[in-house]
Structures are given as structure tokens and as C-alpha cells.
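**Student:** only geometry, no sequence info:
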């Protein structure tokens, strides 16, 4: 007997519920989502994907008993559970499945936007150095670095996170949203080391599109490839869906009530977790809570200046120091109280193997968060091996963030802007009764300390001298020696280090002079002959018996490395370097022309402003390839 084809369902057959509220139709499994089958589309259900077309007349009727009905699916299924349950192959998907996934992605965007309403982000301090990255070079063509940071990085990130979920939800705005969120996640994959997060979020974009879009994509593939792809045939009814309508047989089953309850509870839980830090107080530090459950998406940037681990033998009292990376490759422990406690417990078990009995572990972690002063994270006087810690109570040995000093950040930026290109600075804030022990390297031959607030006592260890400094006072620090800065004022003290790496500065000057000298010899403007020890810069062998100067040797090594990189580079890399050089050449020409025309029309500005404009026009993109570090960086100051 030939197999019979299933007859089309009558008009009064199963239909998706239209009399129920839209919120129920979208979230509790009442109805299904799938590609449109043959025949007229079913009722348009507005909601999670704009409008989900649900087949009605095209749905096959239940076959009569004993009839041989041909299979509705002959291709590789597109779902994993379809491999084990044939009745689910090429079937409708309950709407609560879609609702759950879309709600999760919506929460990721929206809560991240709410977290960016923080004063640090709105003020432009959270990602202050991010605008220097090469990805923002097009914006810097028309905006300064400061405006690029404020408007593009911080303002654009805030607006995108707050609006992305809503824009993806509606059909009219979804194409625009897909463009922006795709660009946003592609940038994040280059800016931050966040693993698969950017690519995972890119993959979730398809959840907000119409459910039938994969069928249209597969239908455009070659015929020989379709046999290995999901089916493009009309979907069949699913046993997990409810096709309830007026007059339909049967109501909601218990499993569908459970699905609705699970969806609602799960969404409420995801909304609650980012604000549950009043429960997990032991994990709270300066960022207030479990980072993985708060969706503080890059709201905080940290820069570590100094990390010291001190151990003490419990029996002999012998004191020693460990490298910060001893026994671990991770750096996350520097910012989290629970990880510091775990690390100290591990060290207490490992150090007895090295003849340290009953070890006591002390941490001294100096970190700046969102461009504030460098300050301590934990109390360096507390032995963390025996210190209390609980996930439900605040950590007593965690020092508070000095938020009262946050208004200083604008002044700190102004002071840094006044420095020349060879002088660096580090801003320190310390608590009363504590001191900073520091070492000035011999390379930092010009290092001074200046008090910005409070009162400090500078102890020169080797010279056995003490110097008391008030607000506005400063002193020169000897190189190659230890010193201690004691905070003796009743309130926290603030001071700054000013230092110049004289050795590196002199080396760069010598190399620059050699490069200029070689150019003058090659173009014939250098009249005096080169001394024998400098002849190698022209490619000539050194004279017999004349030792090679160390600076000349370093100059030649750099030149060889540069030539080797250019020789081994691909055609695309060479083309990129060529276009890059030409781009910055034309950029400088255009900007200098605009500056000149402006000066002719409006007059010359102040020398300081003119120097800044010329420096901006002459910028050639050097240093922009450096990755910004957000969860840990290292600013090298006057320390060993």
C-alpha cells in the first residue's frame, strides 16, 4: 500500500494562543518558534523576535492509526537533542526557550550599562588610556585624545550598553543594532584579553533575528552541501509546544507550568545577582562584589606600582621576601581578598619545604584604580595565614579606598601634563601610622619627593637621617639607597615622586646623534671625517686594534633587527607600513596647514598651546600598538 500524505489541518485545528497576554505567549511556552512552512502563515505573535510567524494551516494533522506516514525530516538535524529524540527533529521550538536566551543576553547589555552610570565611568577615568589604541586612530583625526576618551570610549560605551538590548529587540532597529554591536565586540576582542566572551556575544546576535533565518541561509547553499546541513523542510509540531486556542482540546500541562515558573525565576535571579553584594561581603573589595556576577564590564582599570610579599619564620623570627610570582603564574590574587587568603594558605604549606617553620605571610600591594593615587589594598601588618576571612562578613584587613581623594585626579592629570617628555611621576597616598619603604635605582639619578597633602617623615636608612616635610615641601632622594616615607599626620598623606631615568635618556640621545650623524655623512653635509670608532655605523668594519664602542654596538644591533624584520615581513605588511607612513605624512601636512591658516586668521595662540598642537600634528602613531591592561598593569617608578 502506498504511503499516504498527511492532510492539512482544518482551520479550527491547532493554532498558537492569541487570547493570552503577550507576556505569557513570549515566556511560558505557549506557542513555538520556527521557520514558516508552506501555505499561509499563522498569526503574527509580537514579542521577542519582533513577529514570529507560526504555521497554522500548514501544520499536519495527526495521522490515522496504522497509516504509513513518510518522515518529515531527511537531513542532519540542527539540534543535539534531535539526535536522541527523533520526534524533535525539525520541530518547533517552545518560545520560552527563546525567551530565556534573549533575556540572558539582554541582561548582559543592560546591567553593564547600568554599572557604567558610575561616577568614574561618566567622568572618563575608568579607561583613561584606552583612546591611545590604534583602533581609535580614526576618531583622533577629528577629536583630541581627551575628547576621544570622553565621547567615544566612555560615552559611546555607556549608550551602547544601555540601548543594545532594546535595539536588538525590535525589527525596525535590529539591522542598525547588529552593525553597532558587531563593531563593538570586534573592537573588544582587540582591546582586551577576555577570551571567548566577544565571540560568544557575536554568536548571540542571531537569537534576536527571526527564527527562520537559518533556513534561508541553508537554502542558499549548494545542493551537494545541503545534505550535511540542517533541513529546510517545513517544521513539524513539537510535543513540547502548546498550540492552545479557543475550543482546543486540553489545557496547559504541568511541565509547561514548570517551564514558565523556571523562566521567571531564572530571569529574576539574573537580575538579582549583580546587586547581591550585601550577601557575599567577604568578596567585596574596592569594586564592591564578585566581579564575575556583577557585570562591571571594564568599569575599573588597575595599575600596580609595587607588590611585596614578606615571610617570617615563626620560630626563629627570620624575615625574607618572595617574588610576587612565586609558585603561581596568575596575577588576579593581587586585587581580591579571598585570593590573597588562599595564596597565603598555599605559601604556609610550601615554605616549610624550604626550612621556614610556621611561616607568617604579609602582603604589601600598591595599586591605583581608575587613575587615583597609588595606595595600599591590604594592611601590611596583618599575617594573612592566621587572619580571619568569611564570605558573609566584611574583610577586616582590607584597607578602604580613599574616595575622598578622588577629586584630586583632575589636578594629577594637570600636573602630569606640565612635565616634559623625559620626566615621570608616581602619585602616592598612605594611611596614618604606616610607611613606604622604597629603593631608588642608580639609573634614576634625579629623583625627588614632594608632599601634596598631610605630613610625612622621610628616613634615609643608610645615612641615618630624618627629614620632616609639610604640604608643598620636597627634597632630593639619593640614588642607590633605601628610604622610608612615614605618614605622621592624623589624616592620609599624599605625595609624589618625580624621577628621570638618566641612563636611558642619555642612551637614547646618543643613538639619535649617531643616526643623525650617519644621515649627514650619507647626504654629504658632514664635512669633518668620522673618527675610527664610529666608522662601523656606515657599514665599514672596525679598524684593527680599535675596540667597538658599546653604544655603536647597540646601534648596529638595533639596525640589524630592524632590517631583519623588514626583510622577513610579508607583502601585506610592507604595504601596510608604506600606507601608514604616507598616511601620517599627509596627516601632518594637512594639520600643519590648518594650524597655519588658523594663525593667519585669528592670530597665534600661546606658545604652550601651539607646541601641543604641533606635537599632535607630528604624531606618527608610535606606541599605539601597546595593549591597555585593565586588570593589572605595572608602572615602573623609583623602586627595585
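**Tutor:** Perfect, I can see it now. As the structure is a computational prediction, the values presented were derived from the model and not from experiment.
**Student:** can we go C-alpha only for contacts and neighbour counts from here?
**Tutor:** Fine.
**Student:** do you know how far the residue nearest the centre of the chain is from residue 155?
**Tutor:** The centroid of the chain falls nearest to residue 192 when counting by C-alpha atoms, centre = their mean (4.1 Å). Separation of residue 192 from residue 155 (C-alpha to C-alpha, to the nearest Å): 18 Å.
**Student:** cool, residue 569 as well?
**Tutor:** In terms of C-alpha to C-alpha, residue 569 sits 38 Å off from residue 155.
**Student:** Compare the two and say which is more crowded by neighbours.
**Tutor:** residue 155 (18 against 12; other C-alpha atoms under 10 Å).
**Student:** Run through the neighbouring helices and strands of the longest helix along the chain.
**Tutor:** When the chain is parsed with DSSP state H, its longest helix is helix 571-602. Contact here means 3 or more C-alpha pairs under 8 Å, 6 or more residues apart in numbering; DSSP states H and E; on that basis helix 571-602 packs against helix 607-618.
**Student:** mean confidence for the helix it packs on?
**Tutor:** Taken as a whole, helix 607-618 carries a mean pLDDT of 83.
**Student:** repeat for stretch 83-101
**Tutor:** Here stretch 83-101 scores 81 as its mean pLDDT.
**Student:** do the same with stretch 151-159
**Tutor:** Here the average pLDDT along stretch 151-159 is 93.
**Student:** Show residues contacting that stretch.
**Tutor:** Stretch 151-159 is contacted from outside by 113, 116, 117, 121, 122, 124, 127, 130, 131, 139, using C-alpha atoms under 8 Å, 6 or more residues apart in numbering.
**Student:** Return the set of buried residues in the longest helix of the chain.
**Tutor:** Using 16 or more other C-alpha atoms under 10 Å as the test for burial, helix 571-602 gives 584, 587, 588, 591, 592, 595.
**Student:** quick one, what contacts the second one?
**Tutor:** If I follow you right, that is residue 587. For residue 587, the contacting residues are residue 617, by C-alpha under 8 Å, 6+ apart.
**Student:** cool, the fourth one as well?
**Tutor:** With contacts defined as C-alpha under 8 Å, 6+ apart, residue 591 is in contact with residue 617.
**Student:** Return the distance of residue 617 relative to residue 337.
**Tutor:** Going from residue 617 to residue 337 by C-alpha to C-alpha gives 46 Å.
**Student:** And for residue 198?
**Tutor:** Taking C-alpha to C-alpha, one finds residue 198 at 28 Å from residue 337.
**Student:** How about residue 382?
**Tutor:** Residue 382 is 13 Å from residue 337, where distance means C-alpha to C-alpha.
**Student:** Neighbour count: the two, which is higher?
**Tutor:** Shown here are residue 382 and residue 337; by other C-alpha under 10 Å, residue 337 has more neighbours (21 against 17).
**Student:** right, and the more buried one touches residue 285 too?
**Tutor:** Yes: counting by C-alpha atoms under 8 Å, residue 337 does reach residue 285; the two are 7.0 Å apart.
**Student:** which residues do the two both contact?
**Tutor:** Common contacts of residue 337 and residue 285 (C-alpha under 8 Å, 6+ apart): residue 398.
**Student:** Give me the three-state assignment for residue 239.
**Tutor:** Secondary structure, DSSP: H, G, I helix; E, B strand; the rest coil: residue 239 is coil.
**Student:** contacting residues around it?
**Tutor:** Residue 239 makes contact with 87, 88, according to C-alpha under 8 Å, 6+ apart.
**Student:** And it, what's its pLDDT?
**Tutor:** 74.
**Student:** Could you check how far it is from residue 251?
**Tutor:** Counting by C-alpha to C-alpha, the gap from residue 239 to residue 251 is 14 Å.
**Student:** pretty sure residue 320 is in a helix, no?
**Tutor:** No: read with three-state DSSP, residue 320 is strand and lies in no helix.
**Student:** what's around it, how many residues?
**Tutor:** Neighbours of residue 320 (other C-alpha under 10 Å): 12.
**Student:** can you check residue 380 too?
**Tutor:** Neighbours of residue 380 (other C-alpha under 10 Å): 21.
**Student:** Surely it and residue 360 touch.
**Tutor:** No: if you go by C-alpha under 8 Å, residue 380 and residue 360 don't touch, sitting 11.7 Å apart.
**Student:** what about the strands in the stretch 451-600 of the chain?
**Tutor:** 456-460, 465-469, 474-477, 482-487, 493-500 (DSSP state E, counting those that start in this stretch).
**Student:** Out of those, which is closest to residue 293?
**Tutor:** If you check each of the strands of the stretch 451-600 of the chain against residue 293 by C-alpha to C-alpha, strand 493-500 wins as the nearest, at 33.9 Å.
**Student:** for the closest one, what is the average pLDDT?
**Tutor:** Per-residue scores along strand 493-500 average to 91.
**Student:** same deal with stretch 177-196?
**Tutor:** Taken as a whole, stretch 177-196 has a mean pLDDT of 89.
**Student:** Report the buried residues of that stretch.
**Tutor:** For stretch 177-196, by 16+ other C-alpha under 10 Å, it's 177, 178, 181, 182, 184, 185, 191.
**Student:** Test my guess that the second one contacts residue 206.
**Tutor:** No: at 9.2 Å, residue 178 does not count as touching residue 206 under the criterion of C-alpha under 8 Å.
**Student:** for the stretch 351-500 of the chain, what are the low-confidence residue spans?
**Tutor:** Low-confidence segments of the stretch 351-500 of the chain, defined by pLDDT under 70: 421.
**Student:** What segments of it are helices?
**Tutor:** For the stretch 351-500 of the chain, the helices defined by DSSP state H, counting those that start in this stretch occupy 408-417.
**Student:** Any idea how far stretch 119-133 is from the middle of the chain?
**Tutor:** Put simply, stretch 119-133 sits 12 Å off its chain's centre (C-alpha atoms, centre = their mean, to the nearest Å).
**Student:** End to end on it, go ahead and measure it.
**Tutor:** End to end - C-alpha to C-alpha - stretch 119-133 spans 23 Å.
**Student:** Check which residues of it are buried.
**Tutor:** Buried residues in stretch 119-133, counted by 16+ other C-alpha under 10 Å: 120, 121, 124, 125, 126, 127, 128, 129, 130, 131, 132, 133.
**Student:** Surely the first one is within a helix?
**Tutor:** Yes: the assignment for residue 120 is a helix, going by three-state DSSP.
**Student:** wait, what's in contact with it?
**Tutor:** Residue 120 makes contact with 126, 299, 370, according to C-alpha under 8 Å, 6+ apart.
**Student:** how far away is it from residue 203?
**Tutor:** Remark: distance between residue 120 and residue 203 (C-alpha to C-alpha) = 31 Å.
**Student:** Ok, the second one next?
**Tutor:** Using C-alpha to C-alpha, we find residue 121 at a distance of 27 Å from residue 203.
**Student:** Centre of the chain to stretch 235-243, how far?
**Tutor:** Its chain's average C-alpha position is 42 Å from that of stretch 235-243, according to C-alpha atoms, centre = their mean.
**Student:** do the same with stretch 154-163
**Tutor:** For stretch 154-163, the distance to the chain centre is 15 Å (C-alpha atoms, centre = their mean).
**Student:** Next: stretch 136-147.
**Tutor:** So, by C-alpha atoms, centre = their mean, the centroid of stretch 136-147 is 20 Å from its chain's centroid.
**Student:** Quote the end-to-end distance of it.
**Tutor:** Length of stretch 136-147, first residue to last, C-alpha to C-alpha: 11 Å.
**Student:** buried sites along that stretch?
**Tutor:** Buried, per 16+ other C-alpha under 10 Å, within stretch 136-147: 136, 137, 139, 140, 145, 147.
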